[in-house]
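> model the structure of this input:
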Amino acid sequence: MDVYTTPGAFSWSELMTTDAKAATEFYGTLFGWTIETMPMAEGTYQVVKVGGEAVGGIMAMPANAGPMPPSWGCYVTVADVDATAKRCTELGGKVAVPPQDIPGVGRFAVILDKQGAALNIITYEPRQG
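Residues are numbered from 1 along each chain as shown. Reported below is the predicted structural model:
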């Protein structure tokens, strides 16, 4: 199963933190992760690799995150981010971050279930390879 193309599959884990360097050192040492630095418009993104396979990332807390504490978030692959966000609201959930593009990656949104638990949804751009 390719988690990047299978709707409903958990496909990525990401840490947003106040100290990405310290978190990268901590988790890299704890789990034996290989970390690859990738430049982004707002700084750098630390891609987490296990056995050479990219499985997640670590990044500094965005300026617009407000008082959000450092936290791990999961991404679930969907066929259509916009349609899934709309369906979320129809089912009584909310959209915390509206659908938007991540250049070179895909389209994502952050949804909240009826209890307020956040989950990232994403449709990936076709992978080259």
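
> CA only for contacts and neighbour counts going forward, please
OK.

> tell me which residue of the protein is furthest from the middle?
Ranked by distance from the centre of the chain (CA atoms, centre = their mean), the top residue is Glu90, with 23.4 Å.

> do you know how far it is from Lys21?
As judged by CA to CA, to the nearest Å, Glu90 and Lys21 stand 40 Å apart.

> quick one: contacts of stretch 101-119?
Residues outside stretch 101-119 that contact it (CA atoms under 8 Å, 6 or more residues apart in numbering) are 73-76, 81, 85, 88, 92-100, 120-125.

> give me the distance between the two termini of stretch 67-84.
Using CA to CA, the two ends of stretch 67-84 sit 27 Å apart.

> about what we covered before: mind listing which of the contacts of stretch 101-119 are in strands?
73-76, 94-100, 120-124 (DSSP state E).

> out of these, which end up buried?
73-76, 94-95, 99, 120-124 (16 or more other CA atoms under 10 Å).

> could you dump the residues you listed to CSV with pLDDT and distance to Leu112?
As requested, these are exported to CSV (pLDDT from 0 to 100; distance: CA to CA, whole Å):
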residue, pLDDT, distance to Leu112
Gly73, 94, 12
Cys74, 96, 13
Tyr75, 97, 13
Val76, 98, 13
Lys94, 97, 5
Val95, 98, 6
Pro99, 98, 13
Asn120, 96, 9
Ile121, 98, 11
Ile122, 98, 14
Thr123, 98, 17
Tyr124, 97, 20
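
> what ranges does the chain have for its helices?
20-31, 81-90 (DSSP state H).

> ranking those helices by burial, who's on top?
Per residue and on average, the most neighbours among the helices of the chain fall to helix 81-90, with a mean of 16 (mean count of other CA atoms under 10 Å).

> any idea how far that one is from the chain center?
Put simply, helix 81-90 sits 18 Å off its chain's centre (CA atoms, centre = their mean, to the nearest Å).

> against which helices or strands is it packed?
Counting by 3 or more CA pairs under 8 Å, 6 or more residues apart in numbering; DSSP states H and E, the packing neighbours recorded for helix 81-90 are strand 94-102, strand 106-112, strand 118-124.
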